[in-house]
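In: Quick one: sequence plus predicted model below, questions after.
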Amino acid sequence: MTLQAPATSAAREPRASGSDRRWTPGRAWIAGFVLILAVAAVMRFYHLGQDDYWLDEFHSLASSAGKRAEFELFTYGRIVEESIVWTDLDNRSTLGAAWRSMRHDSHPPLYFMTLLLWRRALGDTEAAVRSLSAGMSVLSIVPVILLLSAVGRHRAGLLAGLILAVSFAHIRMAQEARPYSMSIFITSSTYLLLVLAEPQWSTGTRRARFVISAAYGASLYLAVLTHYFAGLALLGHVAYAAVRLRGPAFRLWAVTALAAALAAAGTWLVPFVAQVAFIRTQPWLAPRGPDHLWQTLLRLTDLPIRLLLQTTPFKTFWWQSAAGFLLLGGSLLLLARKWDRAALACTVWFVVPALLLFALDLATHKELLKHLRYPAVAVPGMAGLVALALDRLRTPLRWTALIGLLVAVALRLELPASAHPHARAAAEQLRAVATPEDLVIYDAVGWPIDWIPQFHAPIVHYLGETRYPTLLLREPMADDLKAQVQTYPRIIVISPRIDAVPNPSPGTHRPVARSEYIFQVGWFYVFVKQS
């Protein structure tokens, strides 16, 4: 015979669901939470300033400085007496100038205005500038953990945080002075607030409904002003609301979302229209080659693998697509028996942006899915799906699958900012060699058209303002330009060409020196006028 304690009034009540019980995190959960954020911070901040800025990061610097229009003015085929650094801050660099500069960019303004304030406070070193993205990346893990914990999936929340802490796409976006990590953080916050708002919209007090609606609407507004592709993930909210919300709750959601959309349009619609002409000139909008349908389908199915592991974005292998399809399909099958709002939120968070990008690529013949920066906003949804699926497995299987996933990530992972300070090395060499009497030529004749913007701008940034004449070449010189070049006693040529020595004036100048190869830049050649 077993004695039982008298039932209390609380014990006699119906058992609450995991999403409704009040939960206080224990010490083990808090320790895991802190450890995950610490691991994420180490992975993102380690050697953050070791690599040079690349071209898109210079776009961020120029836009935040309010000088993007000047930065885009590359003068080809004409000798320019000095090079000006359009990425530096000066007394012209204000929030208003950054706002106006965005008409020569292809993004909304929030990140770049924040970056201006960040640069004023912390300086312009690579580590300081990129730390804004790295910090946002670490913070973006928090809403995902809290979202799953808020509906009673506490262990799955920590698993999702761990997966995000080591996932390749999440780390890669954190390494760059670009708006993607901020977009992921704010979008993650919108999903957390949506899940928290659902019960409040149904049964909460008027004050609670107002507070959560205001917070949710503000997060939607900020997400739209951070990156246009955040809108792809935000459309997942429509699917979530259509499935989960009814009656007054749906009306409150619709009013809040509409108010945020109208506020964003009132703030940014006119500047966006001004951006359209610039956006149309961007090379990433160029049509691609044959077998586009097949390649796009492969990129869609292998997206889960590419978000979690480091793989090349320029080739898609069938086994990656098969693995990605199995990972997503297996996760959805494991969740089919327990389809709660956490599973729905993570599903629409990943699936809706992925399918929309797939449709955009098919309709426009572009390759947006190839570049992880566009679907990266969906990586927390993928991590949440995998974590929820792992949590459904029995303990031995769960740990086996998790360890297998982490080992796969570790085998493919590169720590942030690999050591390729090529532009800094080229600037140091040019500073040591060039004098005001020399002519410096960036020779990209017969080379892809984007070589000069990619490497002239970085070298000028690290070199500072120069007092020697410069010539940018992307096509053979005309006779009058050749005559000008011949008058210089010494010519320094920077060129990636390997087919021949790029002597700009073989009749009057002879080669006297060539540097070692500089990674991604090419060689320095020195030509001296013959007596």
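Out: Happy to help now that I have it.
In: How about the spatially most central residue of the chain: what's its closest non-neighbour residue?
Out: A centroid search over the chain (Cα atoms, centre = their mean) returns Tyr180, at 3.2 Å, as the residue closest to the centre. The shortest distance from Tyr180 to any non-neighbouring residue, by Cβ to Cβ, 6 or more residues apart in numbering, is to Met173 (4.1 Å). C-beta: built from backbone N, CA, C; applies to glycine.
In: Verify the stated contact: the one you found with Tyr374.
Out: No - counting by Cβ atoms under 8 Å, Tyr374 is not a contact partner of Met173; they are 10.8 Å apart.
In: Which one's more surrounded, the two?
Out: Met173 (26 against 22; other Cβ atoms under 10 Å).
In: Follow the chain on from the helix or strand encompassing that one and name the next helix or strand.
Out: Here Met173 sits within helix 168-174, counting by DSSP states H and E. Next in sequence after helix 168-174, counting helices and strands by DSSP H and E, comes helix 180-203.
In: any idea of the mean pLDDT for the next helix or strand after that following helix?
Out: Sequence order places helix 206-224 as the next helix or strand after helix 180-203, per DSSP H and E. Regarding helix 206-224, the rounded mean pLDDT is 96.
In: And stretch 77-93, by the same measure?
Out: Mean predicted confidence for stretch 77-93 is 86.
In: What would that stretch look like as PDB? C-alpha coordinates only.
Out: Output of stretch 77-93 as PDB, limited to C-alpha atoms (Å, rounded to 0.1, in the frame of the first residue of the first chain):
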ATOM      1  CA  GLY A  77      41.800  56.300 -68.900                       C
ATOM      2  CA  ARG A  78      42.900  59.700 -67.400                       C
ATOM      3  CA  ILE A  79      45.800  60.600 -65.200                       C
ATOM      4  CA  VAL A  80      44.600  61.900 -61.800                       C
ATOM      5  CA  GLU A  81      47.100  63.900 -59.800                       C
ATOM      6  CA  GLU A  82      46.100  62.600 -56.400                       C
ATOM      7  CA  SER A  83      43.900  59.900 -54.800                       C
ATOM      8  CA  ILE A  84      41.400  60.900 -52.100                       C
ATOM      9  CA  VAL A  85      40.300  58.500 -49.400                       C
ATOM     10  CA  TRP A  86      36.500  58.600 -49.500                       C
ATOM     11  CA  THR A  87      36.100  56.100 -46.600                       C
ATOM     12  CA  ASP A  88      37.400  58.300 -43.800                       C
ATOM     13  CA  LEU A  89      35.300  60.200 -41.400                       C
ATOM     14  CA  ASP A  90      35.500  64.000 -41.300                       C
ATOM     15  CA  ASN A  91      33.300  67.000 -40.400                       C
ATOM     16  CA  ARG A  92      31.100  66.200 -43.400                       C
ATOM     17  CA  SER A  93      30.300  62.700 -41.900                       C
END
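In: Just to be sure, Arg373 is in a strand?
Out: No - if the criterion is DSSP: H, G, I helix; E, B strand; the rest coil, then Arg373 is coil and not within a strand.
In: nearest spatial neighbour of it, skipping sequence neighbours?
Out: Tyr180 (5.3 Å).
In: what's the longest helix in this structure?
Out: Taking DSSP state H as the criterion, the chain has its longest helix at helix 247-280.
In: Going by neighbour count, which residues of it are buried?
Out: 249, 252-253, 256-257, 260-261, 263-264, 267-268, 272, 275, 278 (16 or more other Cβ atoms under 10 Å).
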